[in-house]
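1. Below is the sequence, then the predicted model.
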Amino acid sequence: MNVRVYRRARILIGGLVLIGCALAFSDIGHWLGADVTRAILWTQFAPSLSLLLTGGGWLAAGCIAVILLTLIFGRVYCAMLCPLGVLMDFSAWLAKRTGKKRKLPYHRGRPWLRVTAVAVCVIGLIAGTAVPLALLDPYSVFGKITSSTLRPVIGVANHLLASTSWIQPVKVSPVAWITAGVAIGLFLMVVLAAVFRGRLWCNTVCPVGAVLGLISKHSLFRLQIADSACIGCSMCERVCPAQCIDFRNHRIDHSRCVMCLDCVTSCKRSGIHLKAGRKSHNSPVVVADEKKPLPNLKRRDILTGIALLPTAALAGQYEKHASQLNRSAVLPPGAGSLAHFQNLCTACQLCVINCPDQVLRPSITQHGLAGFLQPYQDFDVSFCSYNCSNCSQICPTGAIQPITVEQRRLVRTGIAHFNRDLCVVKTNGTSCGACNEHCPTQAVHMVPYENDLTIPEVDPDLCIGCGGCEFICPVRPHKAIVVHGLAVHERAKPLDLGEKNTVREIEEEFPF
């Protein structure tokens with residue numbers, strides 16, 4: 001294999017993956033479309049694996065392709081297909097361009113820490129929450145970072161350009177300060193780790209890196225150090241971002257190698273090269289020194305591992321009481337149930353970005369700890385369109401099952417509850433009926449009240465929980481009609497309008 005050609009291909013493919021994923025998570029105008037977005041994210045390992053385990057569609061083949069690729073070439077996914085990994089390399093390259101010199105000496109691997117990260121994610125999934133995976137999976141972390149930082153910046157730029165009449169303005173939903181804080185915190189950790197310690201994140205807390213590292217130990221092609229050509233200059237060790245090359249003992253930890261091949265291009269004497277074959281004295285993972293039968297664990301490593309454990313434990317406790325804590329949180333149509341949704345959603349924010357009504361928001365407390373940053377419908381800012389199923393078409397993990405627009409019209413995500421004592425018809429003695437006019441199923445209808453006035457009434461059988469009534473209700477601060485989410489979605493009664501269709505399209509402008 002021509003190493004320099006491979007390296008150029010890695011940079012090119014990695015750049016395309018980074019740009020493509022960044023566009024997918026910052027698409028303020030929904031220009032890419034669901035099919036293009038799914039194609040861009042096809043190789044992302046964690047969501048594809050999640051979809052495979054739940055019997056998903058063609059997206060599930062992405063993780064199979066990555067596994068096969070890893071069995072042949074090692075962790076090339078981490079080198080060129082993982083957007084977070086490419087972001088790390090790009091950050092390190094920028095730091096180097098500014099004169100920042102980093103030293104990356106060999107460090108012994110900490111497989112127990114990688115196993116702990118995977119265990120925490122698995123325990124969380126068993127407990128019924130994907131929050132640990134959402135905070136460690138590179139695809140989901142990249143999605144949170146991009147949607148909460150780059151997307152708002154593009155939105156501001158759009159409004160500035162729109163003021164000059166060059167382009168049309170696009171409404172961009174605001175980002176909650178907690179969501180932005182989490183995204184910025186993750187971004188700083190990833191970038192600083194990349195600048196000072198290379199692929200530290202990939203080889204410590206990344207569950208995808210841990211799984212692919214285990215597979216890459218048995219890959220067909222591996223890097224090997226040639227005893228006859230190596231002069232011990234340590235150049236390969238100094239440039240290795242994974243810190244997995246022990247040039248003194250001529251050993252490479254293939255479970256941590258991300259196949260960037262920087263070591264090969266830096267060696268002037270061809271002392272390290274890529275070869276097929278599994279039997280080599282260079283290929284085994286670094287073993288413990290005979291003088292040190294136990295790993296030399298530093299206190300910060302132990303604390304890091306311990307700090308990861310409460311996430312799943314607390315999430316499990318909250319999951320037991322999820323239905324009581326989250327009665328009012330309305331899930332996206334297609335989620336099916338709270339248990340299904342929280343077990344699969346990695347809070348990548350892709351559905352939030354692709355919601356044309358921008359009713360979806362990352363939750364803070366609405367879903368409890370077990371659903372931290374997972375989306376919910378916020379009817380204070382918008383409503384769920386009667387004629388839209390975008391979120392179900394774009395979800396890469398299967399947390400939101402694909403449904404058609406016709407199916408969405410019969411999915412009951414919640415039920416509207418009317419408080420007559422708060423309605424302006426009773427409190428002010430004035431007519432309103434805004435909720436009735438903007439109910440797409442006529443679940444909210446007007447009945448006689450007093451003094452020739454009419455007041456709303458709710459038919460639960462027809463209600464689909466779209467939130468149009470709650471959004472338009474003029475009562476403040478507590479609205480007279482609110483939608484309570486259902487822990488398990490139901491099927492609403494089909495509306496038979498006959499020849500007389502009095503239902504207004506919910507996309508029309510409200511008259512108030």
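-> Sure thing, it's come through. Residues are numbered from 1 along each chain as shown.
2. In the chain, which residue is most central in space?
-> In the chain, the C-alpha nearest the mean C-alpha coordinate belongs to C348, at 1.7 Å (CA atoms, centre = their mean).
3. pLDDT at it, what is it?
-> At C348, the pLDDT value in this model is 93.
4. Could you look up the SS state of the closest residue to it other than its chain neighbours?
-> Leaving aside its chain neighbours, C348 sits nearest to G143 (3.6 Å; criterion: CB to CB, 6 or more residues apart in numbering). Just so you know, the C-beta spots here come from the backbone N, C-alpha and C atoms, and that holds for glycine as well. G143 carries the three-state label helix when classified by DSSP: H, G, I helix; E, B strand; the rest coil.
5. L486 sits in which helix or strand?
-> Per DSSP states H and E: L486 is located in strand 481-491.
6. Any buried residues in that strand, and which?
-> 481-483, 485-486, 489-490 (16 or more other CB atoms under 10 Å).
7. ok, now stretch 212-219?
-> 212-213, 215-217, 219.
8. Now, these that are in helices?
-> Among these, the residues falling in helices (DSSP state H) are 212-213, 215-216.
9. Just flag the most distant two among those residues.
-> Pairwise distances across those (CB to CB) peak at 7.3 Å, for the pair G213 and I215.
10. returning to what we had before: nearest to A335 among the buried residues of stretch 212-219?
-> Out of the buried residues of stretch 212-219, the member with the shortest distance to A335 (by CB to CB) is L212, at 29.4 Å.
11. pLDDT score for that closest one?
-> Reported pLDDT for L212: 95.
12. One more: the one 5 residues further on?
-> Turning to K217, the model gives it a pLDDT of 88.
13. From G271, how far off is it?
-> Distance check for K217 against G271: by CB to CB, to the nearest Å, it reads 22 Å.
14. and what of L52?
-> 41 Å.
15. neighbour-wise, which of the two wins?
-> Legend: neighbour count by other CB atoms under 10 Å for L52 and G271, higher for G271 (22 against 17).
16. Now name the helix or strand holding the nearest residue to the more buried one once chain neighbours are set aside.
-> The shortest distance from G271 to any non-neighbouring residue, by CB to CB, 6+ apart, is to C230 (3.8 Å). C230 belongs to no helix or strand when assigned by DSSP H and E.
17. Quick one: residues contacting C230.
-> 247, 250, 269, 271-272 (CB atoms under 8 Å, 6 or more residues apart in numbering).
18. for the ones in helices among the buried residues of stretch 212-219, which one is nearest L261?
-> Among these, and counting by CB to CB, the member closest to L261 is S216, at 13.9 Å.
19. Contacts only, for the closest one.
-> Counted by CB under 8 Å, 6+ apart, S216 has contacts 70, 74-75, 254-255, 257.
20. repeat for Q374
-> Q374 touches 130-131, 134, 341-342, 345, 347, 362-363, 367, counting by CB under 8 Å, 6+ apart.
21. Strands of this structure, start to end?
-> 221-225, 245-246, 251-252, 272-276, 360-362, 375-377, 411-418, 444-448, 454-458, 481-491 (DSSP state E).
22. The first one: how far from the chain's middle?
-> The offset between the C-alpha centroid of strand 221-225 and the centroid of the whole chain comes to 34 Å, using CA atoms, centre = their mean, to the nearest Å.
23. And stretch 472-481, by the same measure?
-> 33 Å.
24. in that stretch, what counts as buried?
-> Counting neighbours by 16+ other CB under 10 Å, the buried set in stretch 472-481 is 472-473, 479-481.
25. farthest pair in the residues you listed?
-> Across the buried residues of stretch 472-481 (CB to CB), the longest gap, 10.9 Å, separates I472 and A480.
26. circling back to that earlier point, look up how far T98 lies from the residue nearest to C348.
-> 27 Å.
27. now L200
-> 20 Å.
28. same check, this time on C206
-> For C206, the distance to T98 - CB to CB - is 26 Å.
29. repeat for G74
-> 31 Å.
30. nearest to Y386, of the buried residues of strand 481-491?
-> Checking these one by one against Y386 (CB to CB), the nearest turns out to be V483, at 13.8 Å.
31. For the closest one, which non-adjacent residue is spatially closest?
-> Closest to V483 by CB to CB, 6+ apart is G414, at 4.3 Å.
32. Nice, that's everything, thank you.
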